[in-house]
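Engineer: Return atomic coordinates for the entry below.
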Amino acid sequence: MHTGLYVIMGVCGAGKSLIGARLARELDVEFIEGDALHPPDNVKRMAAGIPLTDENRHGWLLAIASRLREAKRAGTGLVVSCSALKRSYRDLLRSGGDADVRFVYLRGRRALLAERLSQRRGHFMPPSLLDSQLATLEEPSPDEGAWVCDIAETPDAIVAQLVRHAAASP
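Structural biologist: Purely as a prediction, here's the structure:
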């Protein structure tokens, strides 16, 4: 069984849920949809087109960090989708799994992200929040060791690349 801890990060429309679920299936580990851990008030804010503040995100990030910590203690792998837009958010998530948490940054052009969001149905996050997420985004710096994937690639290609990375990682 694979024991890596992975956070699939990026702005809305990057494909975090799709890539995260497929990666977890390939690695035979649990996948957690990070959005499912948002408290109801956060979901209501986002559904109304109101961007979350650092304070709004704090409890949500702690919940994800707790799940990472549980997986580390159990010696099981875990893939979690989470926007993780700021370095401080990623640092908080790392506190759950220590240095063992690997971030996978799904990077894409605004036009592609907007196109994807315009086609998405049944999600509480409206396309109008894309610009606020892009404004908040602090791309991972080289010292964070994130794996960066271009979302213009096919999901199959991205997942295959990530599986190769995971197999080569200690």
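
Engineer: quick one, phi psi at residue 32?
Structural biologist: Per-residue torsions, residue 32: phi -120, psi 120 (degrees, to the nearest 10).

Engineer: Quickly find the element holding residue 105.
Structural biologist: Element membership for residue 105 (DSSP states H and E) is strand 101-107.

Engineer: Not counting that strand itself, show me its contacts.
Structural biologist: With Cβ atoms under 8 Å, 6 or more residues apart in numbering as the test, strand 101-107 has contacts from 4-10, 14-16, 19, 23, 68, 84, 90, 93-94, 139-140, 144-151, 158, 162, 169. In short, each C-beta sits where N, CA and C put it, glycine included.

Engineer: What subset of these is buried?
Structural biologist: Burial by neighbour count, 16 or more other Cβ atoms under 10 Å: within the contacts of strand 101-107 this picks out 4-10, 14-16, 19, 23, 68, 84, 90, 93-94, 140, 146-147, 149, 151, 158, 162.

Engineer: Helices - which of those residues land there?
Structural biologist: Counted as lying in helices by DSSP state H, out of those, are 16, 19, 23, 68, 90, 93, 94, 158, 162.

Engineer: Ignoring the adjacent residues along the chain, who's closest to the fifth one?
Structural biologist: What it means is residue 90. Nearest residue to residue 90 in three dimensions, chain neighbours excluded: residue 84, at 5.0 Å (Cβ to Cβ, 6 or more residues apart in numbering).

Engineer: check contacts around that neighbour.
Structural biologist: Contacts for residue 84 were tallied using Cβ under 8 Å, 6+ apart; they are 7, 9, 90, 93, 103.

Engineer: could you give the mean pLDDT of the strand holding residue 105?
Structural biologist: For strand 101-107, mean pLDDT rounds to 96.

Engineer: Could you do stretch 157-170 as well?
Structural biologist: Here the average pLDDT along stretch 157-170 is 92.

Engineer: Farthest pair within the ones in helices among the buried ones among the contacts of strand 101-107?
Structural biologist: Farthest-apart pair in these is 94 and 158; separation 22.7 Å (Cβ to Cβ).

Engineer: Run the chain-centre distance for stretch 46-53.
Structural biologist: Taking Cα atoms, centre = their mean, to the nearest Å, one finds stretch 46-53 lying 18 Å from the centre of the chain it belongs to.

Engineer: Buried residues of that stretch, list them for me.
Structural biologist: Neighbour counts over stretch 46-53 (16+ other Cβ under 10 Å) mark 46, 52 as buried.
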